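> Attaching a predicted model along with its sequence, questions to come.
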Amino acid sequence: QKEVEQNSGPLSVPEGAIASLNCTYSDRGSQSFFWYRQYSGKSPELIMSIYSNGDKEDGRFTAQLNKASQYVSLLIRDSQPSDSATYLCAAHPPVNSGGSNYKLTFGKGTLLTVNP
Amino acid sequence: KAGVTQTPRYLIKTRGQQVTLSCSPISGHRSVSWYQQTPGQGLQFLFEYFSETQRNKGNFPGRFSGRQFSNSRSEMNVSTLELGDSALYLCASSFYGTGGGDTNYGYTFGSGTRLTVV
């Protein structure tokens, strides 16, 4: 069973702090990784994607990937109360020639609360 | 650019009934996937369609089915509804889907259909 694991939280940080969200995956063949943010009662919104080992930065968000350790993380700098949401980590295999494995495997999400 | 449109937003059905949900992907996207989200199981993959063909199916019973039309719109159907089918059903569309080493296949989700079975 190919799995993605996340700490369910809740993770509570004060406003302005760095929030660190972590994710591990069991399928060593996974190629691409995605972080989605989901507000209560809403659908997931893609905030970061990463395909190569190392860091990828986009504004206040930094995604980190370590394929050898099968580990993905998301750092949120200068956390704001509006960042309070559930963060979902997802893994995707390399797409085969027919695309028959085209799907995301999600972790169950980490609830982040940013306190003013 | 319009996003992924799912209808209806909310549904209440009785056990034993059937239901059909609709999804219109982003213009130009040919891949449409369906996911079920519940508090206990999280987001689980149902199936994926590309050019009217189902390419991949998750571990759900045969009561769950779907199809895709030539304009890439997709429907999913659940027959003989059970209480455990109560969930948020999410549709995601993606531009890419034919393999060949591409990595930029980000998925965009619709607002979902909240199904309650009573």
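Now that the structure is in, tell me what you want to look at. Numbering: from 1, shown residues only, chains lettered A, B, ... in the order given.

> list the buried ones in the helix or strand of chain A with the lowest mean pLDDT?
In chain A, no helix or strand scores lower on mean pLDDT, DSSP states H and E than strand A:45-50, which sits at a mean of 92. Buried residues in strand A:45-50, defined by neighbour count with 16 or more other C-beta atoms under 10 Å in any protein chain shown: A:46-50. Heads up, the C-betas are built off the backbone N, CA and C, glycines and all.

> What is that strand packed up against?
If you count contacts as 3 or more C-beta pairs under 8 Å, 6 or more residues apart in numbering or on different chains; DSSP states H and E, strand A:45-50 packs onto strand A:32-38, strand A:54-58, strand A:61-66, strand A:71-76, strand B:108-109.

> Any chance of JSON lines for those, columns distance to B:L46 and mean pLDDT?
What follows is the helices and strands packed on strand A:45-50, written out as JSON lines (distance: least, C-beta to C-beta, whole Å; pLDDT from 0 to 100):
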{"stretch": "strand A:32-38", "distance to B:L46": "17", "mean pLDDT": "94"}
{"stretch": "strand A:54-58", "distance to B:L46": "29", "mean pLDDT": "94"}
{"stretch": "strand A:61-66", "distance to B:L46": "27", "mean pLDDT": "96"}
{"stretch": "strand A:71-76", "distance to B:L46": "24", "mean pLDDT": "97"}
{"stretch": "strand B:108-109", "distance to B:L46": "13", "mean pLDDT": "94"}
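
> what would those look like in JSON lines with distance to B:N77 and mean neighbour count?
JSON lines is the format used below for those (distance: least, C-beta to C-beta, whole Å; neighbours: other C-beta atoms under 10 Å in any protein chain shown):
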{"stretch": "strand A:32-38", "distance to B:N77": "25", "mean neighbour count": "22"}
{"stretch": "strand A:54-58", "distance to B:N77": "38", "mean neighbour count": "12"}
{"stretch": "strand A:61-66", "distance to B:N77": "37", "mean neighbour count": "18"}
{"stretch": "strand A:71-76", "distance to B:N77": "35", "mean neighbour count": "20"}
{"stretch": "strand B:108-109", "distance to B:N77": "20", "mean neighbour count": "20"}
